[in-house]
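1. sequence? don't have it. structure:
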C-alpha cells in the first residue's frame, strides 16, 4: 500500500515538473543607455511618467501582442526614476533610467521593444530605493486570462484523486 502511494506521489511530482515553464535564465538585461532598440519600426506608442509624488501617472499600460512598441518614459520630478520590466524567455528586460536636468526641464527616454506573441502581463516598477510604491502592470494582448493547460490538468488530477479516495472509504 505504501509502495503504491510512493509511486503515485512520484508520478504527480513528475507531472508538476514537466508542466513548469522553462527557465528564465536566458533573458537579457537591456539598459536603454547602452544598447540598440529591440525593434526598429514601432507601430504603437505608450507613454508613462514618473510624477513628483513618487507614483507613475498610470498603473496600467495595454499593448498588442507581437508588436513593436515605442515606450516614452518621462520624469516629471527632481529625483532620478526608472521604468523597469523584468524580462523572461518571451521578452527581454527593459530598464529606462531618467534624471531631470537641474534647470527644471523634464527628462525623457524613448525605447522600442517587441512584445511577446502570447497574451500575458508584466509588472513594471521603479527600482530606485524608497520608490516601492511605483508599480503597475503592462498588459500584452488580453492579459493572463486562464492558467496554463498543464496547471488546469494538475488541479483536475488532484480533484479526481480526492474524489476517488473519498468514495473508497464509503
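-> Alright, I've got the coordinates. Remember, it's a predicted structure, so these values are computed and weren't measured experimentally. Residues are numbered from 1 along each chain as shown.
2. the helix-or-strand element of the chain with minimal mean pLDDT: what's the following helix or strand?
-> In the chain, no helix or strand scores lower on mean pLDDT, DSSP states H and E than strand 29-31, which sits at a mean of 39. Counting by DSSP states H and E, the element after strand 29-31 in chain order, helix or strand, is strand 44-50.
3. for the record, mean pLDDT for the helix or strand following that next one?
-> Downstream of strand 44-50, the first helix or strand assigned by DSSP H and E is strand 60-63. Mean pLDDT, strand 60-63: 94.
4. ok, and for the helix or strand just after strand 60-63, which residues are buried?
-> Next along the chain after strand 60-63, taking DSSP H and E as the criterion, comes strand 68-75. The neighbour-count check on strand 68-75 (16 or more other CB atoms under 10 Å) flags 68, 69, 70, 71, 73, 74, 75 as buried. C-beta here means a position set from N, CA and C on the backbone, and glycine is covered the same way.
5. repeat that for stretch 45-65.
-> Buried positions in stretch 45-65, judged by neighbour count with 16+ other CB under 10 Å: 46, 48, 49, 50, 54, 55, 56, 61, 63.
6. go on, stretch 126-145?
-> Going by neighbour count (16+ other CB under 10 Å), the buried part of stretch 126-145 is 126, 128, 131, 134, 136, 138, 139, 140, 141.
7. just to revisit the earlier point, now, which of the buried residues of strand 68-75 sits nearest residue 118?
-> Distance to residue 118 across those (CB to CB) is lowest for residue 69, with 15.1 Å.
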